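>>> Have a look at this fold, sequence not included:
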């Protein structure tokens, strides 16, 4: 049975191969381990294998896991915690105080609350705008046409650092279909930088099934869960 070390090396190998094919430096792609619905012990084991960045979808689970990892002897400063799931405005205070990144900002109200509630003395909270790049009615995210206005407003808020864009494209079976929405997100980021004078450096896109397509189109953070941790707990 493959260990977490085996799985981590396999995913790193996939990223390295994708970077080689795209003629990109492998150091330009960050691996984020999606640990939602996994026990804290699994995260501790992944940390022991060399992974130090973890993404959580649910606020309370993430908060509990941050505390649990500390109790298991993992120093808080040694782990980078990313909230990658939907964020309700009534949960922003806890997130602003506990997380290092939020990938799922899609409304100005949420960004304003994160800005106001980021504790003084902490580094700015890195945030990405979630874009509904495939236009799915059931999916969260700002519409691409509305991203520029939101990006400009968020970039002006104190306590936050707008880093880039995140998307969860509609699943696709073949590589060309997988690449299309990732390309659209990259092109949107390029337009925001060129037209709005922003300095966005992050494309959070690509998961276990499509990380190669995402890397080919410029992803800087791939969010990998199942390929690292296996099926979710519930």
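On my side now, so go ahead. Fair warning: this is a prediction, and the values are worked out from it, not measured in the lab. Numbers count the residues shown, from 1 in each chain.

>>> Would you map the helices across the chain?
Assigned by DSSP state H, the helices in the chain fall at 4-22, 40-48, 59-71, 92-98, 108-117, 147-155, 175-196, 211-216, 226-229.

>>> Tell me which of these sits most buried.
Counting by mean count of other C-beta atoms under 10 Å, helix 211-216 has the highest mean neighbour count of the helices of the chain, with a mean of 24. Backbone N, C-alpha and C define where each C-beta goes, glycine included.

>>> Now residue 188. Nearest residue, chain neighbours left out?
Nearest residue to residue 188 in three dimensions, chain neighbours excluded: residue 144, at 5.6 Å (C-beta to C-beta, 6 or more residues apart in numbering).

>>> ok, now how distant is that neighbour from residue 179?
Distance of residue 144 to residue 179, computed by C-beta to C-beta, to the nearest Å: 17 Å.

>>> Now the terminal residues of stretch 96-111, how far apart.
10 Å (C-alpha to C-alpha, to the nearest Å).

>>> Show me how far it is from its chain's centre.
The chain centroid and the centroid of stretch 96-111 are separated by 11 Å, computed with C-alpha atoms, centre = their mean, to the nearest Å.

>>> do stretch 189-196 as well
20 Å.

>>> what's next to it, contact-wise?
The contact list for stretch 189-196 (C-beta atoms under 8 Å, 6 or more residues apart in numbering) reads 147, 148, 151, 152, 164, 165, 198, 199, 200, 203.

>>> Show me the one of the helices of the chain that comes nearest residue 138.
Comparing those against residue 138 with C-beta to C-beta, the closest turns out to be helix 175-196 (15.5 Å).
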